[in-house]
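S.K.: the following block contains a protein sequence and its predicted model.
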Amino acid sequence: ACGFGDAHPDACAVRSSGVVSFVDFEHALKRSIYGMTRILVTGANKGLGLEAARQLVRAGHSVYIGSRDLARGQIAAAELGARAVQLDVTEEASVLTAAETVASDGGIDVLINNAGIAPEWHKDGTVVDASTVTAELIEHTFATNVTGAVRVLHAFLPTLTRSVNPVVVNVSSGLASLSR
């Protein structure tokens with residue numbers, strides 16, 4: 001699991017193929033920063049997305065909190081001093097509306113595709129095995145974690161390409177690890 005503050009106040013430990021590395025959001029985005037960077041973080045009303053948004057707002061960036069549930073996104077945005085935008089990565093109309101809203105407000109320089117689900121994980125931390133996994137479960141996960149990220153990227157590409165130095169960050173989980 002990712003825990004902020006373990007190694008550096010702005011860092012997050014990420015385990016990939018058994019190797020732990022640290023992602024420092026502020027330093028990772030340094031090359032794209034020319035004044036105030038405008039950033040959209042999907043799935044940002046809780047968890048890693050919320051913490052990333054918190055760190056980015058603290059660093060002086062203008063942040064959009066993308067969330068399926070607008071009310072929860074508005075609560076998170078008010079807490080952080082960010083802006084909320086309703087965005088369900090599994091629904092084309094929702095993503096297009098969010099892209100239009102953000103574009104009409106000046107667009108973004110950075111897209112952090114963070115929204116994701118992990119229904120394959122049990123509460124004890126184990127993962128569904130081959131004997132119990134279903135095609136429906138995988139389709140649901142894929143629709144959110146893969147197709148959703150591509151849908152968001154394509155919808156926000158026009159505003160990203162207007163940025164002086166656009167950046168796209170795709171966040172994944174340990175579920176993608178080949179070593180589990």
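M.R.: On my side now, so go ahead.

S.K.: please count neighbours and contacts with C-alpha atoms only from this point.
M.R.: OK.

S.K.: low-confidence ranges in this protein?
M.R.: By pLDDT under 70, the low-scoring segments of the chain are 1-36, 174-180.

S.K.: helix, strand or coil for the residue of it most remote from its centre?
M.R.: The outermost residue of the chain relative to its centre, with distances by Cα atoms, centre = their mean, is Ser131 at 30.8 Å. State at Ser131, reduced to three classes by DSSP: H, G, I helix; E, B strand; the rest coil: coil.

S.K.: can you tell me which residue is nearest the centre of the chain?
M.R.: Nearest to the chain centroid, counting by Cα atoms, centre = their mean: Asn114, 1.8 Å.

S.K.: now that one: how far from Leu50?
M.R.: Distance, Asn114 to Leu50, using Cα to Cα, to the nearest Å: 10 Å.

S.K.: between these two, which contacts overlap?
M.R.: 43-44 (Cα atoms under 8 Å, 6 or more residues apart in numbering).

S.K.: list the residues that contact the residue lying closest to Gln86 once chain neighbours are set aside.
M.R.: Among residues not flanking Gln86 along the chain, Leu70 sits closest, at 4.9 Å (Cα to Cα, 6 or more residues apart in numbering). Leu70 is in contact with 84-87, counting by Cα under 8 Å, 6+ apart.

S.K.: list only buried entries from those residues.
M.R.: Taking 16 or more other Cα atoms under 10 Å as the criterion, what is buried in those is 84-87.

S.K.: list the buried ones in the host helix or strand of Leu137?
M.R.: Element membership of Leu137, judged by DSSP states H and E, is helix 135-142. Neighbour counts over helix 135-142 (16+ other Cα under 10 Å) mark 141-142 as buried.

S.K.: give me the contact list for the next helix or strand after it.
M.R.: Counting by DSSP H and E, the next helix or strand C-terminal to helix 135-142 is helix 148-161. Here helix 148-161 makes contact (Cα under 8 Å, 6+ apart) with 89-90, 92, 95-96, 99, 103, 107-111, 113, 115, 166-167, 170.

S.K.: from Ala99, how far off is Pro119?
M.R.: From Pro119 across to Ala99, the span is 27 Å (Cα to Cα).

S.K.: and the two? which has more neighbours close in?
M.R.: A direct count of neighbours by other Cα atoms under 10 Å for Pro119 and Ala99 places Ala99 higher, at 25 against 13.

S.K.: any chance you could map the helices in the chain?
M.R.: Using DSSP state H, the helices of the chain run over 25-28, 47-58, 70-80, 92-104, 135-142, 148-161.

S.K.: the fourth one vs helix 148-161, what angle?
M.R.: Same thing as helix 92-104. 20 degrees (axes from the mean of the first three to the mean of the last three Cα atoms, to 10 degrees).

S.K.: many thanks, have a good one.
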